[in-house]
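Chemist: below is the structure, and that's it, no one-letter string:
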């Protein structure tokens with residue numbers, strides 16, 4: 001049975017991705033900053049007959065919490081097949097490039113970039129023990145420099161200084177990580193779930209959590225002939241999903 005760790009999996013797209021992968025036969029570690037919320041999510045899954053889920057206390061902004069989660073999971077398994085770096089924050093509104101404070105930037109980057117680095121580095125040894133290790137970094141098409149510099153793009157005027165810049169940095173980390181792991185069985189990709197209606201955006205999204213989860217899970221389950229070091233946003237590009245950086 002393949003094993004996956006999903007950060008921020010107690011609600012929203014993370015929870016639905018856990019739900020999807022449990023249905024595909026995975027054992028899912030539900031990473032949750034608040035363990036009570038994580039355990040409640042597990043109970044909800046078990047009520048649907050999905051029993052191969054376990055809550056793990058994991059605050060991606062806290063190095064001690066990340067290492068404790070690694071130690072806990074390491075006692076349960078010698079192998080992790082998939083890491084989905086899903087935990088993220090939007091930074092609130094407004095997000096002015098001239099008025100946002102350094103403290104606001106630090107808070108968003110601490111979760112959306114540094115948190116991914118902490119978790120990935122902590123769990124890379126367990127992932128190396130998998131025959132088909134996969135890393136999915138949950139990104140956003142709104143972080144595409146190419147799209148945001150194109151006046152003809154439909155979201156061109158939707159500028160925000162904090163969240164997109166943190167995800168653009170995450171995309172670069174994805175490229176670097178995929179490159180360092182190029183001579184292995186790893187597949188590392190950045191995936192946008194789409195503009196999905198969740199608490200994250202006050203349910204203003206136009207897509208469903210099921211659509212978003214299926215897009216993430218697709219790249220968690222790709223075969224050895226699948227892509228690596230790519231950026232996918234199927235809502236932007238329905239044909240291939242591949243999106244300009």
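Modeler: Happy to help now that I have it. Because the structure is a prediction, the values reported are computed rather than measured.

Chemist: hey, which helix or strand in the chain has the poorest pLDDT?
Modeler: In the chain, no helix or strand scores lower on mean pLDDT, DSSP states H and E than helix 209-220, which sits at a mean of 93.

Chemist: that one: which residues count as buried?
Modeler: For helix 209-220, the neighbour count (16 or more other C-beta atoms under 10 Å) marks 209, 211, 212, 213, 214, 215, 216, 217, 218, 219, 220 as buried. Glycine gets a C-beta too; all of them are placed from N, C-alpha and C.

Chemist: make CSV out of those residues and add distance to residue 120.
Modeler: Output for those, formatted as CSV (distance: C-beta to C-beta, whole Å):
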residue, distance to residue 120
209, 24
211, 26
212, 21
213, 21
214, 23
215, 20
216, 16
217, 19
218, 20
219, 15
220, 14
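
Chemist: and those residues, which two are furthest apart?
Modeler: Using C-beta to C-beta, the two most remote members of the buried residues of helix 209-220 are 209 and 219, lying 16.7 Å apart.

Chemist: average pLDDT for stretch 165-176?
Modeler: Throughout stretch 165-176, pLDDT has a mean value of 98.

Chemist: pretty sure residue 95 is touching residue 160, no?
Modeler: Yes: using C-beta atoms under 8 Å, residue 95 is in contact with residue 160, at 3.8 Å.

Chemist: common neighbours of those two, please.
Modeler: Contact with both residue 95 and residue 160 is made by no residue, according to C-beta atoms under 8 Å, 6 or more residues apart in numbering.

Chemist: quick one, what contacts the residue most central in space within the chain?
Modeler: Residue closest to the average C-alpha location in the chain (C-alpha atoms, centre = their mean): residue 86, at 2.5 Å. Taking C-beta under 8 Å, 6+ apart, we find residue 86 in contact with 6, 7, 8, 9, 13, 14, 17, 138, 216.

Chemist: lowest-confidence one in these?
Modeler: Minimum pLDDT across those falls on residue 13, with 93.

Chemist: what strand or helix carries that residue?
Modeler: helix 12-23 (DSSP states H and E).

Chemist: quick one, that helix and helix 209-220 angle?
Modeler: 60 degrees (axes from the mean of the first three to the mean of the last three C-alpha atoms, to 10 degrees).

Chemist: buried stuff in helix 12-23?
Modeler: Quick answer for helix 12-23 (16+ other C-beta under 10 Å): 12, 13, 14, 15, 16, 17, 18, 19, 20, 21, 22.

Chemist: same thing with stretch 231-241?
Modeler: Quick answer for stretch 231-241 (16+ other C-beta under 10 Å): 231, 232, 233, 234, 235, 236, 241.

Chemist: list the contacts of that stretch.
Modeler: 139-141, 144, 147, 171, 174, 189-192, 194-195, 207, 215, 219, 242-245.

Chemist: check stretch 29-47 too.
Modeler: Contacts of stretch 29-47 (C-beta under 8 Å, 6+ apart): 3-11, 14-15, 18-19, 22, 51, 53-60, 65, 69, 73, 87.

Chemist: of those, just the buried ones, ChimeraX syntax please.
Modeler: Those of those that count as buried under 16+ other C-beta under 10 Å are selected in ChimeraX with:
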select :3,4,5,6,7,8,9,10,11,14,15,18,19,22,53,54,55,56,57,58,59,60,65,69,73,87
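
Chemist: so which of the contacts of stretch 29-47 sit within strands?
Modeler: Here DSSP state E is the test, and these give 3, 4, 5, 6, 53, 54, 55, 56, 57 as lying in strands.
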